[in-house]
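Undergrad: this one's structure only:
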């Protein structure tokens, strides 16, 4: 008899990947905000694009 596919594993893996991506994006935003705050505190004027 054929083995039953483990859809729960695939679903859980997808959820973990999604969470890791979300966490990485949040970390990048926090780092960028921290860098802007440090630049403003040091008197560096942000570049306008």
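TA: Thanks, I have the structure now. Quantities reported herein were computed from a predicted structural model and do not represent experimental measurements.
Undergrad: ok, residue 2 to residue 11 distance?
TA: Distance, residue 2 to residue 11, using CB to CB, to the nearest Å: 20 Å. To be clear about C-beta, it is placed using only N, CA and C from the backbone, and glycine gets the same treatment.
Undergrad: swap in residue 29?
TA: According to CB to CB, residue 29 stands 27 Å off from residue 11.
Undergrad: what does residue 27 give?
TA: 25 Å.
Undergrad: likewise residue 33?
TA: As judged by CB to CB, residue 33 and residue 11 stand 33 Å apart.
Undergrad: what's around residue 7, how many residues?
TA: When neighbours are counted by other CB atoms under 10 Å, residue 7 registers 8.
Undergrad: what number of residues lie near residue 38?
TA: Other residues within reach of residue 38, judged by other CB under 10 Å, total 10.
Undergrad: what ranges do the helices span in this structure?
TA: Assigned by DSSP state H, the helices in the chain fall at 7-41.
Undergrad: quick one: low-confidence ranges for it?
TA: 45-49 (pLDDT under 70).
Undergrad: let's go with 90 and repeat that
TA: Residue ranges of the chain with pLDDT under 90: 1-7, 39-49.
Undergrad: need the contact list for residue 12.
TA: With contacts defined as CB atoms under 8 Å, 6 or more residues apart in numbering, residue 12 has no neighbours.
Undergrad: between residue 2 and residue 11, tell me which one has more neighbours.
TA: residue 11 (10 against 4).
Undergrad: any idea how far residue 12 is from residue 18?
TA: Computed with CB to CB, the distance linking residue 12 and residue 18 is 11 Å.
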